[in-house]
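Q: Got a sequence here, can you model it:
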Amino acid sequence: MSVVVGYVSSREGQAALRAAVQECLLRGCGLVVVQTPRAPREDDDSELAAARTRLEAKGLSLQSADGEGHDPAEDLIDAVESHGGELIVIGLRRRTPIGKLILGSNAQRILLDAPVPVLAVKAEG
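A: The predicted model follows:
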């Protein structure tokens, strides 16, 4: 079993990653990090390195599962199904009502379509 987290190098993504690591430590399971191709990507991201170090110190793994490019919601749900995920962790950011209407809401789709529980976290400050 594993925890699946949607990660983008942003405040919201970092908050989700920290919460996902904490869940892995509590559950004693590995972490699957999903980054979509549309998101800016930094392979040497210090947050990812710190997460890997914390998990490995407890004998747990962190693996990457690149998104297929469908969209973030589908990528996370696919990762749950292919990696035996038991929880999805996502970061939330505040949007205006117009922004929600025009851009849609990946968070809402994940919450409604996920086959496992979803933990949604806000960035601090």
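Q: Please identify the pairing partners of the strand or helix carrying Leu31 and their relative orientation?
A: Secondary structure assigned from DSSP states H and E places Leu31 in strand 30-34. Paired strands of strand 30-34, with direction, are strand 2-6 (parallel), strand 62-64 (parallel) (DSSP bridges).
Q: can you list contacts of it?
A: With contact meaning Cβ atoms under 8 Å, 6 or more residues apart in numbering, strand 30-34 is reached by 1-7, 17, 20-21, 24, 48, 51, 55, 60-67, 72, 75-76, 79, 83, 85. For the C-beta atoms, the positions are set from N, CA and C on the backbone; glycine is no exception.
Q: Contact partners for the nearest residue to Glu124 once chain neighbours are set aside?
A: Nearest residue to Glu124 in three dimensions, chain neighbours excluded: Ala15, at 6.5 Å (Cβ to Cβ, 6 or more residues apart in numbering). Residues in contact with Ala15 (Cβ under 8 Å, 6+ apart) are Gly91, Val121, Lys122, Ala123, Glu124.
Q: Repeat that for Cys24.
A: Ser2, Val3, Gly30, Leu31, Leu55, Leu60.
Q: and if you look at Ile77?
A: Ile77 makes contacts with Ile88, Ile110, Asp113, Ala114, Pro115, as judged by Cβ under 8 Å, 6+ apart.
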